[in-house]
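[1] Sequence below, structure please.
(chains A and B)
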Amino acid sequence: MQKVYIYKTFERFWHWTQAALIFFLAITGFEVHGSFSFLGYEQAVESHRVAAWMLLILIAFSIFWHFTTGEWRQYIPTFSKLQAQMRYYTIGIFKGEPHPTSKTARKKLNPLQALTYLGFKLVMAPLLVITGFVYMFYRTIDANNMVIISDIPLEVIAFLHTLGAYLIIMFAIVHVYMTTTGHTPTSNIRAMLTGYEELEEDNEEQVKEENKKQE
Amino acid sequence: MKKVVFSIILASIGILALIHIAYDPPLPNLSELKLKQEFAIKPTSSVDHKLFEELQKDFDSPQEVTEACIACHNQRHKEVIASSHWNWERISYVEGRGIASMGKSNVLNNYCIGASSNEQSCAACHIGFGMTNNRFDFDNARNVDCMVCHDNSEEYHKGSAMAGYPDRSVNLTSVAQSVGRPQRMNCGACHFYSGGGNNVKHGDLEEALLSTTRDVDVHMAANGMNMTCVDCHSAENHNIKGKLYSVSSSDENRLTCDHCHTSTPHMDHNLDLHTARVACQTCHIPTYAKVNPTKMEWRWSDAGRMEEGKPFHETDSSGVETYMSIKGSFRWETNVKPDYYWFNGHATHYVLGDQVDSIPVQINHLFGSATDNRSKIYPVKVHRGDQIYDPETNMLIQPKLWAAEEGDSAYWKDFDWNLAAEAGMKRVGLHYSGTYEFVNTEMYWPVNHMVAPKEDALSCEECHQRKNSRLAGLNDFYMPGRDSHAGLDLIGRLLIIAALAGVILHGMGRVVAAIKNKEIESEEINTNYHQ
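    Predicted coordinates:
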């Protein structure tokens, strides 16, 4: 075991800012949805829009970061140990078995994580962003009597956006809980805060082999 | 170190940029200030009619005054004769009817029902002299009543049941010498007191507007802009802008707020987006009848009760009549929250002779729907009641209500609905079967006046809320905050509960398993730290 710098500054900034924004968007969003009243409707709507734009900017930066650093490869799903990982979470974890996959700086995500986050990035986030955009610009006519978006009923847009919101809340609950399944209950959260985590050493030969394959 | 400095700088720039995006500096509303400036200058008359020799004489009849007016304003009478104030009808395209002529002369209402056969009395609100029956000469310019609108002395008033002639006490000479731009009382004499008393009909037009405060009406307030009716209802060539859909039908020559305020009057983009589908009045007139009560219900079926063989009336503690033997029973309300309807500027009416096709009978109907892009949500006063109806012919009845004396079939004198119905229907040329009953009716009056100060405008929550939304009755569109998909909300909640239950159970399972495996997690943490 050794201390490894696993989450870079931007990555941590991105993660926590995104977490805060999603939390805030959920609160203001469900107020707009009419689930409860907290900030007041007008304030909730305005704040939801501002936070949405902030999140979009953040997403744009993070996409850029993922591609320029090559970190996007972390999310390529591998299926070889997927079953083992699922078996671990449902059975092995209760028996005190070791993790079936090892976490390294090059391979931060276990197969189940990679698949889940890929789903998050390719399904949940686009669902919310696209329906959010259509919602934001939805109007039957604008001040110049121009029809903007009226063919899609607002009811459908709101339904999909709300569906995405429920899914993301569910994701967040499970996500937060899963952080406790690391080496110790808090080691994952510590790592996301400080960037450093105690990890198994990278098997250098293995790394070299992988590099060759990629090349 | 460089990295830290660089990231701090970057973060600061980012935060500043975000603050800049999120911060909306309060800008002055220049267009509103411009309007205030424009209407702060009150028009002054360019002539003093007292000085005209033509008016310095005794007038024997009001027609002589009109002749004197026409002697100088020698084309104006033609404009007046073309107006709906004169004709009591207007030809326009009406949905479902085609080109039709509608107005006071042939549509009914559910207050005093209709003018036909009651002209002698009703003509007190006709801008002419001598309308005693349906044979009034609408081409005779001598009968145009210039004074009723243009008297600035507040002395002129029409006599009661005098067919539109002024009261005998009026000094025509002094009135003729004091004519000018119409003042509030000129319009109010009819539009405040229509239906038989102050604020009976409109609810948003009443004598309190003669001198009022900003919280009642921002435009007309004596301590505000102090505007008169014709400041908005301008009358180029006597064609007065604006119309009310209790009698009007088409979306022409309307007066809307955006003529002055534009369709983007707010200093807020989200609010401006609303103006495409929500009328200004909806948010800016939270309640009407703010000072004096307005009639909400009129039941003609209760009319005719006598006390010791004589007609009587009852008033409530606030002084308004709740029962009159000649009219029936009334319900009044103050500070009324309007009902809300889609409205595209077109309306249709029950016209004398129409078949009744729904009960309650729709005395008028405002067209519009959520899917019609020209429709906006408007606040509306709905006046309900019942009135006389012929079940055999399936028509509403125009009763003869007024007569000078008993024995002339008028209900208000003889209290005999049969006679009144027969005489009234005969006059309008329709068949009366001899049987009558009372049928429920509804009438729709868009609310346009008594605009509140902007601080009192509706907040978002008044409509955008699950329960008690002001728009609870408008269910043909999806409104955020009010509407939701019940199934989705249920499934969403179940998903969240399932996720929470799942992680709690999983976590408890791990703790139990850890104890069983004699590897209590805290120990593990400790050993990890000591490594």
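[2] Those residues of the stretch 351-500 of chain B touching chain A, which are they?
    B:373, B:459-461, B:464-466, B:477-478, B:480-485, B:488-489, B:491-492, B:495-496, B:498-500 (C-beta under 8 Å from any C-beta of the partner chain). Yep, even glycine has a C-beta here, placed from its N, CA and C like the rest.
[3] Which among those residues count as buried?
    Among those, those classed as buried by neighbour count (16 or more other C-beta atoms under 10 Å in any protein chain shown) are B:460-461, B:464-465, B:477-478, B:480-485, B:488, B:492, B:495, B:499.
[4] contacting residues around B:Ala115?
    By C-beta atoms under 8 Å, 6 or more residues apart in numbering or on different chains, the residues touching B:Ala115 are B:88, B:104-105, B:122-123.
[5] Run a quick neighbour tally on B:Glu307.
    Residues lying near B:Glu307 (other C-beta atoms under 10 Å in any protein chain shown) number 10.
[6] Look at it and report its pLDDT.
    We have a pLDDT of 93 for B:Glu307.
[7] one step back: and the buried ones among the residues of the stretch 351-500 of chain B next to chain A, which of them are in helices?
    B:488, B:492, B:495, B:499 (DSSP state H).
[8] quick one: which of those residues is nearest chain A?
    Nearest to chain A among those is B:Gly492, at 3.4 Å by C-beta to the nearest C-beta.
[9] Quick check: nearest residue in space to B:Phe367, chain neighbours excluded?
    Computed as C-beta to C-beta, 6 or more residues apart in numbering or on different chains, the closest residue to B:Phe367 that is not its neighbour in sequence is B:His346, at 4.5 Å.
[10] quick one, what contacts the spatially most central residue of chain B?
    Nearest to the mean C-alpha position of chain B, counting by C-alpha atoms, centre = their mean, stands B:Val447 at 2.1 Å. Taking C-beta under 8 Å, 6+ apart, we find B:Val447 in contact with B:202-204, B:281, B:285, B:288, B:338, B:378-381.
[11] try it again with 6 Å
    B:204, B:285, B:288, B:338, B:379, B:381 (C-beta atoms under 6 Å, 6 or more residues apart in numbering or on different chains).
[12] Equivalent analysis for B:Ala161, please.
    Shown here is B:Ala161, whose contacts under the criterion C-beta under 6 Å, 6+ apart are B:120-121.
[13] Around chain B, which positions in chain A sit nearby?
    Applying C-beta under 6 Å from any C-beta of the partner chain, we find that chain A lies next to chain B at A:32, A:34, A:41-42, A:50, A:94, A:96, A:140-141, A:143, A:154-155, A:159, A:162, A:166, A:169-170, A:173-174, A:177, A:184.
[14] could you flag which of these are buried?
    A:32, A:34, A:41, A:50, A:94, A:140, A:154, A:159, A:162, A:166, A:169-170, A:173, A:177, A:184.
[15] circling back to that earlier point, just the buried residues out of the contacts of B:Val447, in PyMOL syntax.
    To isolate the buried ones among those in PyMOL, judged by 16+ other C-beta under 10 Å, type:
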select buried, chain B and resi 204+285+288+338+379+381
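[16] among the contacts of B:Val447, which are in helices?
    Per DSSP H, helices hold no members of the contacts of B:Val447.
[17] Quick check: the farthest pair among the contacts of B:Val447?
    Greatest spacing in those, by C-beta to C-beta: B:Ile285 and B:Lys381 (10.5 Å).
[18] ok, residue 90 - how many residues close by?
    As the question left the chain open, I've gone with chain A. Residues near A:Thr90, counting by other C-beta under 10 Å: 11.
[19] try again with chain B
    20.
[20] What about it? Give its phi and psi, please.
    phi -150, psi 140 (degrees, to the nearest 10).
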